[in-house]
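**Student:** quick one: sequence and predicted model below, then my questions.
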Amino acid sequence: MPVWHIATIYQPDVILWVKIMSVLMAMKGSMELTQLIRLIRSIRLDKKNEQRFSNQG
């Protein structure tokens, strides 16, 4: 039995696996991106708060 016949038998599973993995990687990337944005925003807010307190004192 040639290798390509085995590949055609398992091809739907491979395609499904690739689709699932691409969706999972996209979800992971978007979660990391939102965490990064939150981190940047919190740093900016901290800097603004420090400037307000230094101007008041």
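**Tutor:** Sure, I can see it.

**Student:** host element of residue 21?
**Tutor:** Per DSSP states H and E, residue 21 falls inside helix 3-56.

**Student:** poorly predicted segments of the protein, please.
**Tutor:** Scanning the chain for pLDDT under 70 picks out 1-10, 56-57.

**Student:** quick check, central residue of it?
**Tutor:** residue 29 (1.0 Å; Cα atoms, centre = their mean).

**Student:** mind checking how far that one is from residue 23?
**Tutor:** Distance of residue 29 to residue 23, computed by Cβ to Cβ, to the nearest Å: 11 Å. For glycine as for every other residue, the C-beta is placed from the backbone atoms N, C-alpha and C.

**Student:** what of residue 34?
**Tutor:** 17 Å.

**Student:** what of residue 47?
**Tutor:** Residue 47 is 37 Å from residue 23, where distance means Cβ to Cβ.

**Student:** and if you look at residue 44?
**Tutor:** Distance of residue 44 to residue 23, computed by Cβ to Cβ: 32 Å.

**Student:** try residue 39
**Tutor:** 25 Å.

**Student:** do the same with residue 42
**Tutor:** 29 Å.

**Student:** repeat that for residue 46.
**Tutor:** Distance from residue 46 to residue 23, by Cβ to Cβ: 35 Å.

**Student:** and what of residue 31?
**Tutor:** Distance from residue 31 to residue 23, by Cβ to Cβ: 13 Å.

**Student:** one more: residue 11?
**Tutor:** Residue 11 sits 19 Å away from residue 23, taking Cβ to Cβ as the criterion.

**Student:** now residue 53
**Tutor:** Taking Cβ to Cβ as the measure, residue 53 and residue 23 are separated by 45 Å.

**Student:** same check, this time on residue 17
**Tutor:** Taking Cβ to Cβ as the measure, residue 17 falls 11 Å from residue 23.

**Student:** cheers, nothing more for now.
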